[in-house]
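Q: Model the following, please.
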Amino acid sequence: MKNLSKTFLLVASLILLSACTPSDALKTPRATLGNVGSPVTLDLFSDFQCPACAQVSPQVEDFVRANPERARLTFHHFPLSQHENAFRAGVAAECANDQGKFWEYGDLAYQNHTNLTEEKLKEMARSLSLDTTAFAKCLDANQTADRVRADLNDGNERGVSYTPSIYVNGKLVQFTTREAFEGYVKSIK
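A: Below is the predicted model:
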């Protein structure tokens with residue numbers, strides 16, 4: 001009887017502990033590039049349907065890939081209301097992120113920023129050899145929409161009003177040219 005009581009208490013404790021843990025505790029990590037200890041933190045607010053984002057965002061990503069010890073980049077969705085497919089593209093990119101392919105999917109989304117239909121979003125997943133059944137289920141059920149909404153809310157709280165918006169160590173910085181941007185980031189100690 002004593003062992004049964006201990007077993008019951010152990011099971012009850014595990015149930016209570018799991019109830020206190022957020023349901024998304026195993027949530028997919030946010031899309032980042034670069035090293036955690038980098039002196040420069042970049043927060044990129046972007047929209048996959050935005051022509052300027054399609055030009056600027058890949059350049060920022062390339063810089064961080066080439067300089068991971070200098071900068072760390074975090075992607076934030078900021079779908080503009082005039083871009084009717086941008087929110088869905090963000091949801092799709094997060095579905096790809098669940099399979100470890102956020103950046104590759106994002107690159108394709110930028111390349112196809114003028115054609116981000118539902119079918120195109122799924123076609124891009126196929127081209128990356130994602131588990132298309134899981135991807136379609138994720139996209140069709142809007143499973144990652146809360147992530148996109150959270151980024152949009154974060155951007156609104158920070159005062160983001162256009163894309164791309166890039167924050168360097170918390171300060172909004174205008175991207176004029178790649179050379180100027182890289183020079184500025186490299187000058188930060």
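Q: is it true that Gln99 touches Phe135?
A: Yes: taking C-beta atoms under 8 Å as the definition, Gln99 is a contact partner of Phe135 at 7.0 Å. In this view, the C-beta of every residue, glycine as well, is placed from N, C-alpha and C.
Q: Name the spans of the protein whose pLDDT lies under the cut-off.
A: 1-27 (pLDDT under 70).
Q: can you give me the helices in it?
A: 2-20, 51-66, 86-97, 102-111, 118-127, 132-140, 145-158, 178-187 (DSSP state H).
Q: May I see the buried residues of stretch 128-143?
A: Using 16 or more other C-beta atoms under 10 Å as the test for burial, stretch 128-143 gives 130, 135-136, 138-139.
Q: Can you get me the start-to-end distance on it?
A: One end of stretch 128-143 sits 20 Å from the other (C-alpha to C-alpha, to the nearest Å).
Q: follow-up on the earlier one: Serialize the buried residues of stretch 128-143 to a markdown table and add fields for distance to Ala109.
A: What follows is those, written out as a markdown table (distance: C-beta to C-beta, whole Å):
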| residue | distance to Ala109 |
| --- | --- |
| Leu130 | 13 |
| Phe135 | 13 |
| Ala136 | 16 |
| Cys138 | 15 |
| Leu139 | 13 |
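Q: now, which of those residues sits nearest His83?
A: Nearest to His83 out of those is Leu139 (C-beta to C-beta; 17.3 Å).
Q: for that closest one, what are its contacts?
A: Going by C-beta atoms under 8 Å, 6 or more residues apart in numbering, Leu139 touches 88, 91-92, 95, 118, 121-122.
Q: circling back to that earlier point, let me know which of the helices of the chain is tucked in deepest.
A: Greatest average neighbour count among these goes to helix 86-97 (a mean of 25), per mean count of other C-beta atoms under 10 Å.
Q: Run through who's touching it.
A: Helix 86-97 has contacts (C-beta under 8 Å, 6+ apart) with 28, 31, 47-50, 77, 79-80, 102, 104-106, 109, 116, 118, 121, 124-125, 128, 130, 134-135, 138-139, 142-145, 147-148, 151.
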